[in-house]
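[1] dropping the sequence and predicted coords here.
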Amino acid sequence: MAEVQNKKKGTAKGKSVKKGSPARRSFFFKPATIILAVLTTLLLVLGILYFARVQHWFAAPTASEMERKTPITGTVLQKGKKEVKPKAAPAEEYHNIPRQQGDDYAPLRPEKGALVAIIVDDLGADLVMMQDFLDLQLNITAAILPNLPHARAVAELAHADGREVILHIPMEPQNYPAIDPGENALLVELSKAEVQQRLRSYLQIVPWVVGANNHMGSRFTESREGMRGVLQILKDQGLFFVDSRTTADSVAIIEAKKNGIAHAGRDVFLDNDINEEDIRRQIRKLVKIAKAEGSAIGICHPHHETVTALKKEAPSFAAAGVTLVAASALVH
């Protein structure tokens, strides 16, 4: 009898649980076990997605991605998102105003040969377009708008390739606000303190700046008070100013001379008419002025037609005995 009872006790203490019994299944259905399994699966999925993303960052863009790039922003478009374009100056801001009489816009005369500087305005919207100009292997000067999304990156790219960088200052044109120079532009109605604060903020955005010129500004460059505020900051920073000359009544050079600020003036807009043959004619006109006067400054804009025209006319500079230089080489 005792032997039977001991046998029953032994069975109760060390009993084996049959496969599929409720006691055996209880471990897998505990809440803590279920939560652990879900978290493990989630972490695994996130890990896979993360490594896939990292791999995509370092992979070369596919053909389909390159086809969807825009010539303005150089970035892949997404549905429902708008391109960011620079504010194009209207035709009246591009008038090829003849050089004034007297020495206000007197060109710099080198001892030997003729010099030409070509400034590319309105840069900062598109890294691809900047690279197109750099690929020309011409000594262009990059004028970068601070209120464009890729301003800093474009400045870094130009500087890394050995090109001079200047600040393209957005200024109030005639018929503002119907004609818009872009966000945070310098306006005649602003106080001197506000003008200078905005200008300082531009200089914080665009690195490697050695000088500046005006974007639009047919009204602002006629304001002595406005230009004095701008030129004072440029002088403090050791920067020069090139007057894009969007108005015959600009006081920019006069005020720069009065205050001992390095300065120069634009001679020819190259791409008023965005047509390859017209641009090529303007380039030849620029070369002709340089040979006659000793030097000349041309301004162009980020258009594919301009890139093509410069590429085709590139051999003509050397053939005419003209040397392409950075804008700083032609300031007084």
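    Happy to help now that I have it. Numbers count the residues shown, from 1 in each chain.
[2] next, the distance between the ends of stretch 257-272.
    Terminal residues of stretch 257-272 are spaced 29 Å apart (CA to CA, to the nearest Å).
[3] can you list the buried residues in that stretch?
    Neighbour-count burial for stretch 257-272 flags 261-272 (criterion: 16 or more other CB atoms under 10 Å). C-betas here are computed from N, CA, C, even on glycine.
[4] before we move on, what about stretch 178-198?
    Result for stretch 178-198 [16+ other CB under 10 Å]: buried residues 179-182, 185-187, 190, 195-196, 198.
[5] grab the nearest non-local neighbour of residue 227.
    Computed as CB to CB, 6 or more residues apart in numbering, the closest residue to residue 227 that is not its neighbour in sequence is residue 255, at 4.8 Å.
[6] give me the pLDDT for residue 44.
    Looking at residue 44, its pLDDT stands at 82.
[7] select the longest strand from this protein.
    Looking across the chain with DSSP state E, the single longest strand is strand 114-123.
[8] pull that strand out as PDB, backbone CA atoms only.
    Extracted in PDB, the C-alpha atoms of strand 114-123 (Å, rounded to 0.1, in the frame of the first residue of the first chain):
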ATOM      1  CA  ALA A 114      42.700  92.400 -73.400                       C
ATOM      2  CA  LEU A 115      40.700  91.000 -70.500                       C
ATOM      3  CA  VAL A 116      37.100  89.700 -70.300                       C
ATOM      4  CA  ALA A 117      35.200  88.700 -67.200                       C
ATOM      5  CA  ILE A 118      32.000  86.700 -67.500                       C
ATOM      6  CA  ILE A 119      29.600  86.700 -64.600                       C
ATOM      7  CA  VAL A 120      26.900  84.100 -64.400                       C
ATOM      8  CA  ASP A 121      24.000  85.600 -62.500                       C
ATOM      9  CA  ASP A 122      21.000  83.900 -60.800                       C
ATOM     10  CA  LEU A 123      22.800  80.800 -59.700                       C
END
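[9] the helices in the stretch 51-200 of the chain, which residues?
    Secondary structure of the stretch 51-200 of the chain (DSSP state H, counting those that start in this stretch): helices at 63-67, 127-134, 151-160, 192-205.
[10] any chance of CSV for those, columns mean pLDDT and distance to residue 296?
    Shown next, in CSV, are the helices of the stretch 51-200 of the chain (pLDDT from 0 to 100; distance: least, CB to CB, whole Å):
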stretch, mean pLDDT, distance to residue 296
helix 63-67, 33, 38
helix 127-134, 98, 19
helix 151-160, 98, 22
helix 192-205, 98, 27
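[11] including distance to residue 236, could the ones you listed go into TSV?
    Below are these laid out as TSV (distance: least, CB to CB, whole Å):
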stretch	distance to residue 236
helix 63-67	44
helix 127-134	28
helix 151-160	20
helix 192-205	10
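[12] to residue 216, which of those helices lies closest?
    Nearest to residue 216 among these is helix 192-205 (14.5 Å), distances taken as CB to CB.
[13] mind telling me what element residue 255 is part of?
    Taking DSSP states H and E as the definition, one finds residue 255 inside helix 252-258.
[14] what mean pLDDT does the helix or strand just after that helix get?
    Following helix 252-258 in sequence order, the next helix or strand is strand 263-265 (DSSP H and E). The predicted model gives strand 263-265 an average pLDDT of 96.
[15] just list what strand 263-265 packs against, helices and strands only.
    Other elements packing on strand 263-265 under the criterion 3 or more CB pairs under 8 Å, 6 or more residues apart in numbering; DSSP states H and E are strand 240-243, helix 252-258.
[16] for those, which one ends up most surrounded?
    Mean neighbour counts were compared across the helices and strands packed on strand 263-265 using mean count of other CB atoms under 10 Å; the top stretch is strand 240-243, at a mean of 26.
[17] name the strands paired with it and say parallel or antiparallel.
    Each strand paired with strand 240-243, and its direction, by DSSP bridges: strand 209-216 (parallel), strand 263-265 (parallel).
[18] quick one: strands adjacent to the next helix or strand after the shortest one?
    Once strand 263-265 ends, the next helix or strand along the chain (criterion: DSSP H and E) is strand 268-269. Listed by DSSP bridges, the sheet partners of strand 268-269 and their directions read strand 295-300 (parallel).
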